[in-house]
Structure formats: C-alpha cells, structure tokens
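In: Sequence first, predicted coordinates after that:
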Amino acid sequence: MVGGAHGEASGARTRPWEDPEAMLGVDEARRRVLAAVSPLPAVEVTLLDAPGLVLAEDVVADADIPPFRNSAMDGYAVRAADVASATPAAPVRLVVVAEVAAGSPAAPPLGPGQAARIMTGAPLPEGADAVVRFEETDEHEAGPRRDEVWVRGAVRRWENVRHAGEDVRAGAVVLPRGTVLGPAAIGVLASLNRATVPVHRRPRVGILSTGDEVVDLGPPLRPGQIRNSNSYTLAALVREAGGEPILLGVARDRVEDIRAKLRAAPQVDFLITSGGVSIGDFDLVKHVLQAEGEVSLWQVRIKPGKPLAFGRVGSIPLLGLPGNPVAAYVAFLQFGRPALRAMLGRTDLSLPTLRARLLAGHENAGRRRHYVRGIVERQGDEWVARPCGLQGSGVLTSVTAANCLIVLPESWHRAEPGTEVEVQLLPGVCPADWP
Ligand code: AMP
Ligand code: MG
C-alpha cells in the first residue's frame, strides 16, 4: 500500500501525488511564482493611459501648486485689520478699488480702507490679507465713479485665502515612485503640466489553451468537442490584473503544436496555458517546457486547481493552469494575478479579504485549501458568507453568481455554520457596502 498513512477517506490506495501532506502548500507555490517575476521596465505613458499603473520614478514638483496666492471664495479682498471691529450692527465701510476675476492679472496693491471685489481663484492683490464672503457684505453703488462695500463681520488674517505652494511646494517629491496612479494622482500630474509619466510597463500576457477537444469560438461543435472558454475568462482576468492579454489560440494535444504556438507568441512578458498539466494527462505542457526551458509540475494543496505547472520558456515565466474552467480561474487568482501585479510594480498583490461568519456548513474532505465560491454580504454589523451553487470545478455559472471565494484551511475537514472564515473578494463584483 502506497502512502496509506495519509490515505484519503475510506482508506483507498493513495498514489504519492495524491497525498495532501506531500503537496506543495499554496503559500509556498505563490512564493515560488513571485520569486520569478519583478517589476517591468519603465515607459512613458500619457495621463489618459496611466490610471492603475505604478510610478517608476519620483515625481518632483517644478512649480508651486497653487502657483499664486488666490481667493478661496467669491467676495471682497480686504485688510483684516480694517474690518476687525465689523459687526452686523456696526458694519465697516470700505472703498472698492478693483474687481478681480479668475484669470485676470493681479490688481493694484490695496491701501488702508480699500477692498477689491474678487472671485474664487483670482489672484489676491498685494496688501490684502483676507477675503470676506459676499454673504457677509452689503454692496452699494455710491456715486458714478466709486463703489463702496459694507462689511458686516470680521475675518481672521488669511481667512478664505489659498497660499502659493500650500498644496505642493516646488522642489518637493509630490508623488513617490511606487505610487499607484489613481484619479487624484493623475490630476496632480496634470496640474504640474506633466503630459506623460514614467510607469512600469503593463505585462503582455500570452494565453494558450490546450486540448484536442477544445474548439475556439465560431464553428459548430462536433461530438466530443467543447468550447474554449478558458482563453476568454483568462483574458478578462489578465486585463483586470493590469496585464494586456494576447490570445495565442488553442493548441492540439501535441508537443509540436504547443511548442509552435508558444514560439509564435509576439513579444510577451508572461505566458499562461490552460489544460495538459494533469497527471493522468499527457503531461504535454511539461514536456514542451522541459525541452524549451525549465518547468516544474506541481501538485498544489489547493482545491480546485491542484495540478499546476510553473517554469520558463526561454526567459519568459510560464504558468500552466489546469483545464477545468473554475480550477483555471481560482488558480489564476491565487498565482497569476499576484505575479502580474508584481510585474506592474504593485506591492498589494492579494485580493482584498474580509472576515465573515459562515451561514451554511461546508465539507473540506481533501485536506487541501478549499476555495468555495460564495456570496458575502453585510448583515447588521457583521459580514456573513454562504456558498453558492454547484461547486464542481467545471461549473463556471455558479462563479458568475458569486462575489467571493470562501477560504477553508487545509486542516479543516468541515466548516460548521457560524464559523468565522476568511473570504477573498472577487475582482469586479465587490459586495454592496464594501468597503
Ligand atoms: P485538462 O486539464 O486538459 O485535463 O482539462 C480538464 C477539463 O477542462 C476537461 O474537461 C477539458 O475539456 C476542460 N477544458 C480544457 N481546456 C478548456 C478550455 N480552454 N475551455 C473550457 N474547458 C476546457
Ligand atoms: Mg486537456
């Protein structure tokens, strides 16, 4: 009897590669994948192409933001000392000597007892040190040549004034390298007149499906054939992860065909295959890779997604995912997505997680880390999760109903209702109320 000590339920014969204790842990497999990738070189991209990418260099401000002292309100630029005594009962009268619109050059300096009508964003005249909002004033036309304004309240010095450089000082590192460029960072770059920005390049990711039975979109299926869904699922996942998917088609289960299709891949940074990595299979991906580069065929302690190949074709990392659609999906999220994010220069590699209370029990017979598709939602002041739909590794429709993967640790044989579990939020379908 082989591996009997660790045999699965019912004491059936266990082949060595089915012994969970001998499998590669999920965390170790992920560590090995991540050890093989690093951030890609920097390229300059336009601001419209930059969101989600990671700055490859510090951005140093070459100018102040705002560039000049200006008004934060529509109102009157004043000298705060002039209106220190102003109250609604005893308003202070000032002489209006100028009107400054946003975009106009600075008005002449303000003398004692004078005010300038000023709009938000307009430069503050010399001599002024505060802005009184219109709401605190009464405006009167006083004679044909001269306006006057009555100020009904005092202002603190520099009240309603934005100083040059108060947001960004010229010479300061305003966005350090490693910053993930979100919408606000894009706006900061625009205000610094940076039309392009150095970021880590998006990985170009070749996606190859394998299988004699697998047919791409188009021709009707003949008996025994199934449609290629993996290439499209994986392309969507690659794009979500920040990569640029490049479909390499479907290879027959022949070493020459897989090799030819991989070789034909235009300049890619990462390769993903699906199928052909199971033990009972022809080990095709493994054979190709051992001839073309180096590869390991792993049995990972994960469900679904146990068989996994990882290695290189030439110098390009290759992740060989199982063919079963959900296994490919789950394994991509655990191993492929972190790798692509690392190539983008990101350091937040994992899916966001929540702790949630399980509403329904679930088996975990295989002593592997089980990723159960489920629905997590807010209930009162806690998160609750329940498995959803059929859990077979070929049943992709139940994943479309899910918004999370419920993680059952390898040491659990069963999760009882009420147990607290970790859930990974699926990209693109975050639960309502998140975060
Ligand atoms: P394999 O890993 O090659 O043994 O495939 C496992 C299962 O996944 C088989 O039922 C295949 O038909 C199915 N499969 C393999 N490749 C794909 C694909 N590209 N799209 C959908 N199903 C696939
Ligand atoms: Mg196959």
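Out: Arrived safely, thanks for sending. Ligands and ions are numbered 1, 2, ... in the order given.
In: Can you name the next helix or strand after the strand or helix carrying residue 93?
Out: Element membership of residue 93, judged by DSSP states H and E, is strand 92-100. Following strand 92-100 in sequence order, the next helix or strand is strand 114-118 (DSSP H and E).
In: coming back round to it: so which bits of the strand holding residue 93 are buried?
Out: Judged by neighbour count (16 or more other C-beta atoms under 10 Å), strand 92-100 contains these buried residues: 92, 93, 94, 96, 97, 98, 100. (Glycine included, C-beta is placed from N, CA and C.)
In: Nearest to ligand 2 among the residues you listed?
Out: residue 100 (73.1 Å; C-beta to the ion).
In: Does residue 61 touch residue 189 like I think?
Out: No: counting by C-beta atoms under 8 Å, residue 61 sits too far from residue 189 to count as a contact (10.2 Å).
In: ok, now which ones touch the most centrally placed residue in the chain?
Out: The centroid of the chain falls nearest to residue 52 when counting by C-alpha atoms, centre = their mean (6.2 Å). Each residue near residue 52 by C-beta atoms under 8 Å, 6 or more residues apart in numbering is listed here: 180, 181, 182, 242.
In: same deal with residue 232?
Out: Contacts of residue 232 by C-beta under 8 Å, 6+ apart are residue 217.
In: Please report how far it lies from ligand 2.
Out: Going from residue 232 to ligand 2 by C-beta to the ion, to the nearest Å gives 17 Å.
In: looking at this, that residue is in a helix?
Out: Yes: counting by DSSP: H, G, I helix; E, B strand; the rest coil, residue 232 is located in a helix.
In: Could you report the separation of the residue nearest to residue 181 when sequence neighbours are not counted from ligand 2?
Out: Excluding the flanking residues, the one nearest residue 181 by C-beta to C-beta, 6 or more residues apart in numbering is residue 50, at 4.9 Å. Using C-beta to the ion, one gets 39 Å for the distance from residue 50 to ligand 2.
In: I'd assumed residue 182 was in contact with residue 50.
Out: No: counting by C-beta under 8 Å, no contact exists between residue 50 and residue 182, whose distance comes to 9.9 Å.
In: Who has more neighbours out of these two?
Out: The neighbour comparison of residue 50 against residue 182 (other C-beta atoms under 10 Å) goes to residue 50, with 21 against 11.
In: Distance from the one helix or strand residue 131 maps to to the middle of the chain?
Out: Using DSSP H and E, residue 131 sits within strand 130-133. Taking the mean of its C-alpha atoms, strand 130-133 sits 42 Å from the chain's own mean (C-alpha atoms, centre = their mean, to the nearest Å).
In: can you list the weak-confidence ranges in the protein?
Out: Scanning the chain for pLDDT under 70 picks out 1-17, 140-146, 280-283, 435.
In: and this protein, which of its residues are near ligand 1?
Out: Within the chain, the positions adjacent to ligand 1 are 209, 211, 213-214, 226, 228-231, 274-276, 278, 281, 322-325 by C-beta under 6 Å from any ligand atom.
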